[in-house]
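Participant: Task: produce atomic coordinates for the following.
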Amino acid sequence: MEFLTMGWLGTPVWFWLSFLGLVVTLTAFDLGILHKEDREMGIAESLKLSAFYITIAMLFGLWVWFQKGANMGMQYYTGFFIEKALSIDNVFVISLIFTYFAIPRKYQYRALLWGIVAVIFLRGIMIAAGAAIVQQWYWVLYIFAAFLIATGIKMLFTGDQEMDVAKNPVVKFISKHMRVTKDLHNEKFFVKVADDKTGKLVRAATPLFLALVVINLADLVFAVDSVPAIFAITTDTFIVYTSNIMAILGLRALYFALAAMVHRFHYLKYALALVLVFIGSKIFVSDFILNGDKFSPVMSLAVTFALILGGIFFSLWKTRGHAQRESSV
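Facilitator: Next comes the predicted model:
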């Protein structure tokens, strides 16, 4: 039992085990019970499942609040809201990937679920590396902060760049060096097919596997923004990791509700840009203007939440004409 109270990355081991147990339970419940059979998820079901995951994330935040203190609790919520908002951009890219590979909606959820499993490990590696670097060299935070400011400014003044899946180097590499079937084989990532030359059965990847690989690569690109953003809020590894993963866990459910209306959130990217500029700027303000006094977690959470919420409502208001035209079709 003494092992459970030992510290690992600044947090008792039992905290980590409790969180990982929650993630495994939710994933097993989702894959083994809710979606044991592949089927198309409707918008209503997607919204209900999203609400369930958001509720779990909020309750987990309360647990963090009472176990690690109010400041840590507010930092968790700030990180969660930032990651959740950034994931809306991710939805558009995922939609493009599924469209390119012609993946039917009923198989998309399984691909997203296994994608999340991979993300749990990949984000863990990125965050652990980031935490070790920041702990050893604090000045790296200034690089993170400058990167966030630059990224935010770029988002404000550059147009949307649509991802060209066909030109993705990984897609080209896998297509060239692996056997890939032309057609889907239901929910399977790999199948046995007859070799064109020998006639023997050989293992081949399916388009669903290619879609899964590209989705995970796209997430790594998004993580380059989101992980430094949360490190700019807190350097507590547990808060950084849990806020990231809790936001991502509900992404697969939210995807089916947002994919059909992602164009309604066109102006949210400007709010996210301001969030990144704010989060990056407060590092410099705290250390060089306030002489080391940290921004209040309450202020950080309030500003972040207000910008994101304002971006959502402004987007829905500005694109209300789209909704009216869609309903009249």
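Participant: M246 touches F80, doesn't it?
Facilitator: Yes. Using CB atoms under 8 Å, M246 is in contact with F80, at 5.9 Å. C-beta coordinates here come from the backbone N, C-alpha and C atoms, glycine included.
Participant: Touching both of those two, which residues are there?
Facilitator: Residues touching both M246 and F80 (CB atoms under 8 Å, 6 or more residues apart in numbering) are A57.
Participant: I'd guessed N186 sits against R110; true?
Facilitator: No. Judged on CB under 8 Å, N186 makes no contact with R110 at a distance of 9.8 Å.
Participant: neighbour count winner among the two?
Facilitator: Legend: neighbour count by other CB atoms under 10 Å for N186 and R110, higher for R110 (20 against 12).
Participant: phi, psi of that one?
Facilitator: When read as degrees, to the nearest 10, the backbone of R110 gives phi -60, psi -40.
Participant: The residue nearest to it when sequence neighbours are not counted: what secondary structure?
Facilitator: Nearest residue to R110, sequence neighbours excluded (CB to CB, 6 or more residues apart in numbering): E187, at 5.2 Å. Following DSSP: H, G, I helix; E, B strand; the rest coil, E187 is assigned to coil.
Participant: number of nearby residues for E187?
Facilitator: 15.
Participant: Now it: phi and psi?
Facilitator: phi -90, psi 10.
Participant: any idea how far I103 is from it?
Facilitator: 10 Å (CB to CB, to the nearest Å).
Participant: Residues in contact with both of those two, list them for me.
Facilitator: Taking CB under 8 Å, 6+ apart as the criterion, E187 and I103 both touch L208.
Participant: element containing the residue most central in space within the chain?
Facilitator: In the chain, the C-alpha nearest the mean C-alpha coordinate belongs to I248, at 4.2 Å (CA atoms, centre = their mean). Following DSSP states H and E, the helix or strand that holds I248 is helix 237-249.
Participant: How far away from the center of its chain is that helix?
Facilitator: Taking CA atoms, centre = their mean, to the nearest Å, one finds helix 237-249 lying 9 Å from the centre of the chain it belongs to.
Participant: quick one: contacts of that helix?
Facilitator: With CB under 8 Å, 6+ apart as the test, helix 237-249 has contacts from 9-11, 15-16, 19, 23, 26-27, 53, 56-57, 60, 64, 68, 72, 75-80, 83-84, 87, 116, 119-120, 123-124, 127-128, 130-131, 226-227, 230-231, 234.
Participant: I appreciate the help and will end here.
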